[in-house]
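Q: when you get a sec, could you give me coordinates for this:
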Amino acid sequence: MMPEVRVATGFYTNCDSFVEVTPELLKWIRTSEKTSPSGTVINSLEEASCTLAEALKSGGREHLISEELYSKLCSQVGEMKKRLGGNGFHMGCALHQLGLTPLVSYPCRPKGIMQRSPEVKVAVEGSFKKPLEAVRPEDPEYDHIIFEFKENLPQGVEMTGRHILSWDLMSFHGIYDEEFQTFAFDRNFTDILIFGYAHLLLPEYREKTDEISDSLGFSGRPRVHMEIGQGSEESMKYAMKIFSDRHCTDSWGLNDEECKCYFGARSNRIEDLKEATLKAAKDYGVDRICIHTPRFAFSISKCSVEKEAEALQQASRVSAALTMGGISQNLRAAGSLPTTDQSQMSEKLEGYNFTATPVYVNDEPKILTGLGDAFAAVQAAIALAE
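A: Presented below is the predicted three-dimensional model:
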């Protein structure tokens, strides 16, 4: 299914603490005082409750929170189930379950994280090792609290989704795995680099984006896909501009809400998303942009329609398998799930190929987190493979 390529995924691996939105938690969200967030970092329970109430109505997103609020939330929400997360980890884990052995970025390597990692590659002192061979017990263990909810109209939950409140100084301050970068940024060791970045970076640390662009702005870099996210929008927009100006990336990916936020799409309709994405591809000089939504996926790309269709279809199938509880054990069954009513489409658009496909639908998902990262990793690895 996957091409034989050397892939690196970044930039962060962290803990995820999952919270089920129970009737008791719903009551707290409904009845607690609420205040709209006033800055990039949320500091109070009132602000957190406000974002959760909005998520239950219009869909979740990711917010940065202070360490003080993180402690308050841990006391407020009750039981949490811990798993590994982070863009780099989710991407690498998906590819690992498909038979590849990617190089994964671990800026912090406490034992609790490394012992729960699959046997991917970790860069250590100029060589590759297994996660358990790369433990640094003194490193901190940062955490993202993920609220998962399912549609329940009588209870006021208008959609299924998740909402993330993240305390993570790695992402806030741009703390990197420099040993990872030595190999991941060099095509002698890596064919394709896939990363999510900047959506949690505090604006005052934007010089960290310059460090990335300086390292990738040379002829010896691999092919690069960047996945865009919501959170710290100022930092994300700066990264998009700098990476475009310095030709650091070949491919971008984002969902429909992010397309509205960063590209100015007028709605979630495919026609409006397509129009905004084509304009962005031309304005930023990017060879390829992929949009994924719960209803369809499409790309504006200089790759062939055949390659793009395969990339989008396989990525959707892998994401659907993940919703069923895991990729490797459910990949075959995922191919039997129903698909959305989006027709397969392709056309030429001003030097680009537009390719759209339906996506698989699982009405009883067991997993809601990491789906976009799995989709991103698979479609980028297929589309950028030579």
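
Q: where does the prediction get shaky in the stretch 251-386 of the chain?
A: For the stretch 251-386 of the chain, not a single residue meets the criterion pLDDT under 70.

Q: swap in 90 and give it another go.
A: Across the stretch 251-386 of the chain, the ranges flagged by pLDDT under 90 are 368-369, 386.

Q: do a quick rundown of the helices in it.
A: Assigned by DSSP state H, counting those that start in this stretch, the stretch 251-386 of the chain shows helices spanning 256-263, 270-284, 305-323, 327-334, 371-383.

Q: now those in CSV, with mean neighbour count?
A: In short, each C-beta sits where N, CA and C put it, glycine included. Supplementary listing: these in CSV, determined by neighbours: other CB atoms under 10 Å:
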stretch, mean neighbour count
helix 256-263, 20
helix 270-284, 18
helix 305-323, 23
helix 327-334, 16
helix 371-383, 27
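
Q: any chance of those in TSV, with distance to Thr9 too?
A: Conversion of those to TSV gives the following (distance: least, CB to CB, whole Å):
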stretch	distance to Thr9
helix 256-263	19
helix 270-284	22
helix 305-323	14
helix 327-334	15
helix 371-383	6
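
Q: mind checking which of those helices is nearest Glu24?
A: Distance to Glu24, taken as CB to CB, is lowest for helix 305-323 among those, at 25.9 Å.

Q: chain center to that closest one: distance?
A: In terms of CA atoms, centre = their mean, to the nearest Å, the centre of helix 305-323 is found 16 Å from the chain centre.

Q: how far off helix 371-383 does that helix point, in degrees?
A: Using axes from the mean of the first three to the mean of the last three CA atoms, to 10 degrees, one finds that helix 305-323 and helix 371-383 are set 150 degrees apart in direction.

Q: restricting to C-alpha, output helix 305-323 in PDB.
A: These are the backbone C-alpha positions of helix 305-323, laid out as PDB (Å, rounded to 0.1, in the frame of the first residue of the first chain):
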ATOM      1  CA  VAL A 305      -4.500  13.100 -11.000                       C
ATOM      2  CA  GLU A 306      -3.900   9.400 -10.700                       C
ATOM      3  CA  LYS A 307      -1.300   9.800  -7.900                       C
ATOM      4  CA  GLU A 308      -3.500  12.400  -6.100                       C
ATOM      5  CA  ALA A 309      -6.600  10.100  -6.200                       C
ATOM      6  CA  GLU A 310      -4.600   7.200  -4.800                       C
ATOM      7  CA  ALA A 311      -3.200   9.500  -2.000                       C
ATOM      8  CA  LEU A 312      -6.600  10.800  -1.000                       C
ATOM      9  CA  GLN A 313      -8.400   7.500  -1.100                       C
ATOM     10  CA  GLN A 314      -5.800   5.600   0.800                       C
ATOM     11  CA  ALA A 315      -5.500   8.400   3.400                       C
ATOM     12  CA  SER A 316      -9.300   8.300   4.000                       C
ATOM     13  CA  ARG A 317      -9.200   4.500   4.400                       C
ATOM     14  CA  VAL A 318      -6.400   4.700   6.900                       C
ATOM     15  CA  SER A 319      -8.200   7.400   8.900                       C
ATOM     16  CA  ALA A 320     -11.400   5.400   8.900                       C
ATOM     17  CA  ALA A 321      -9.500   2.300  10.100                       C
ATOM     18  CA  LEU A 322      -8.100   4.400  13.000                       C
ATOM     19  CA  THR A 323     -11.600   5.500  14.000                       C
END
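
Q: for the stretch 151-300 of the chain, what spans make up the strands?
A: Remark: strands of the stretch 151-300 of the chain, listed N- to C-terminal, are 161-167, 192-196, 223-227, 251-255, 288-292, 297-301; assignment by DSSP state E, counting those that start in this stretch.

Q: so the last one versus helix 270-284, what angle?
A: It refers to strand 297-301. Here strand 297-301 points in a direction 30 degrees away from that of helix 270-284 (the same axes, to 10 degrees).

Q: likewise the third one?
A: Between strand 223-227 and helix 270-284, the angle comes out at 130 degrees (the same axes, to 10 degrees).

Q: and strand 223-227, what does it pack against?
A: With contacts defined as 3 or more CB pairs under 8 Å, 6 or more residues apart in numbering; DSSP states H and E, the secondary structure elements packing on strand 223-227 are strand 192-196, strand 251-255, helix 371-383.
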